[in-house]
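Undergrad: Curious how this folds, go ahead:
(chains A, B, C and D)
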Number of protein chains: 2
Amino acid sequence: MGAAAERAEEENEEWAGVTPDAARRLVGAAVEAFAERGYHATTTRDIAGRAGMSPAALYIHYKTKEELLYRISGIGHEKALRIMGAAAEAGGSATERLRDAVRTFARWHAEHHTTARVIQYELQALSPEHYTEITGLRRKTDRLLRQIIQDGADSGEFRADDVPGTTLAVLSLCVDVARWFTADGPRTPDEVGTLYADLVLRMVGAPDRG
Amino acid sequence: MGAAAERAEEENEEWAGVTPDAARRLVGAAVEAFAERGYHATTTRDIAGRAGMSPAALYIHYKTKEELLYRISGIGHEKALRIMGAAAEAGGSATERLRDAVRTFARWHAEHHTTARVIQYELQALSPEHYTEITGLRRKTDRLLRQIIQDGADSGEFRADDVPGTTLAVLSLCVDVARWFTADGPRTPDEVGTLYADLVLRMVGAPDRG
DNA sequence: CGCGCCGCTGAGCAAGCGCTTAGGGTCCGG
DNA sequence: CCGGACCCTAAGCGCTTGCTCAGCGGCGCG
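TA: So this is what the prediction gives:
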């Protein structure tokens, strides 16, 4: 997949997989509201209102308000996992793979900062069963990144004394983009991605032009 | 102030300035509850219960639930500002000041991760006036760190092409410690501090032993 | 002992919450 | 024209929320 196609898929209707139309409008409205005010401060009346429906319509498509959060979290974390997976499975040196991983992962968190904010900061509102299911996806993403960093440390490309700690820091850095990024800020998602990729490569002591 | 005294002040009753005793017990209970469940998911009955009082007792010491959050945010951000200020005003090279700033700032976010979580992630629940007041403190902290990095860039100690972007990343890294850190994890707050200081120094391209 | 002070409680109010239910409009196959 | 499947709404139920208020009990003081 070329860069243009890759970008196109990212831009394409984020919730295209959700049908029928009314259900999709509801996820969109819920993401907006959850990102703005937080899950607990958002009312089902607000979500339905943003989607242009009466409060009762929500319950035709979702059993509870929590199910909406669960669906959003699932789709979002699967997308994040696929982004990290694409970078991990690509060929090239550990340096190249790490650069790609951080660039695309951070960029996604900026581009889709409303969705990212919800899936990264509202997890604790999920039911215990849903919570453990979603954190499972998260751990998979974590392992993919750790393996890249481990590869670089093994091959001598990176100087990373503490691989799990470094992985944690890199992931934390990318995820936190969702907290501070705003579309009207001075940086585009692309710029955030390349800046963060540069910073992280230096953090792991990769050679300047690897 | 020596390292031992510095540590002692950090450890000392975090809310010592809050009197009388009942009001202090309430802040403690509120921080615990807010960090665990979030501001909006926490009830005044829960806060009062944790402090060993009836729900009505809360309103003798605080006008509203939001005032509790405001007090916590104020005290917490002032402490964070003082930590950053101490590192910024200390003598030494930019490298030494940056190491100290990141080490103590990250360590505080780990050590007091419940307080930190509340003051960093529940800000949007504040009233508009309180919100702008608190973000003012935050901007001061930001400026102190940016100056250190700017100094290092000017003196040639650091290779930081994008000083504001790098500052943002460093601050984001330290703040996000509050999100993932738990006391029962594999790392002590001290270890987090030194790990993060090392990572950041490499991120800004400081010489290995500066 | 009597008195006032003050931190606190038990009971409860108005409002807003998540969610339910009965029923209406629209469409399609016959 | 009918009949039912599909979405949707108006109304509202039961409950919890942030917050209030009348009054109680134990203390210091004379």
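Undergrad: use CA for all of it now, contacts and neighbours both
TA: Will do.
Undergrad: Tell me which stretches of chain A form strands.
TA: Using DSSP state E, no strands are assigned anywhere in chain A.
Undergrad: where in chain A is pLDDT low?
TA: When residues are selected by pLDDT under 70, those of chain A lie in A:1-12, A:209-210.
Undergrad: repeat that with 80
TA: A:1-13, A:208-210 (pLDDT under 80).
Undergrad: Give me the domain ranges for it.
TA: In the assignment given by automatic domain parsing, the structural domains of chain A cover A:13-62, A:66-210.
Undergrad: Including mean neighbour count and distance to DNA strand C, could the ones you listed go into JSON lines?
TA: Below are the domains of chain A laid out as JSON lines (neighbours: other Cα atoms under 10 Å in any protein chain shown; distance: least, Cα to the nearest atom of the strand, whole Å):
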{"stretch": "domain A:13-62", "mean neighbour count": "17", "distance to DNA strand C": "3"}
{"stretch": "domain A:66-210", "mean neighbour count": "19", "distance to DNA strand C": "6"}
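Undergrad: so which of those domains comes closest to chain B?
TA: Smallest distance to chain B across the domains of chain A (Cα to the nearest Cα): 4.4 Å, for domain A:66-210.
Undergrad: Please state the offset of that closest one from the chain centre?
TA: Centroid separation between domain A:66-210 and its chain, computed with Cα atoms, centre = their mean, to the nearest Å, is 7 Å.
Undergrad: quick one: that domain near DNA strand D?
TA: No: using Cα under 7 Å from any atom of the strand, domain A:66-210 never reaches DNA strand D; the gap is at least 14.0 Å.
Undergrad: now check that domain, is it near chain B?
TA: Yes: judged by Cα under 8 Å from any Cα of the partner chain, domain A:66-210 comes into contact with chain B through A:124, A:165-166, A:169, A:172-173, A:176-177, A:195-196, A:199-205.
Undergrad: which phi and psi does A:Lys63 have?
TA: Dihedral angles of A:Lys63 (phi, psi; degrees, to the nearest 10) stand at phi -70, psi -40.
Undergrad: how deep is it tucked in, by neighbour count?
TA: For A:Lys63, the neighbour count with other Cα atoms under 10 Å in any protein chain shown is 10.
Undergrad: For it, give its distance to A:Leu26.
TA: Going from A:Lys63 to A:Leu26 by Cα to Cα, to the nearest Å gives 13 Å.
Undergrad: Enumerate every residue touching the closest residue to A:Arg117 other than its chain neighbours.
TA: Closest residue in space to A:Arg117, ignoring its immediate chain neighbours: A:Ala178 at 5.1 Å, by Cα to Cα, 6 or more residues apart in numbering or on different chains. A:Ala178 sits next to A:His109, A:Ala110, A:His112, A:His113, A:Thr114, A:Ala116, A:Arg117 when contact means Cα atoms under 8 Å, 6 or more residues apart in numbering or on different chains.
Undergrad: can I assume the fourth one is in contact with A:Phe181?
TA: Just to be clear, that refers to A:His113. Yes: assessed by Cα atoms under 8 Å, A:His113 is found in contact with A:Phe181 at 6.7 Å.
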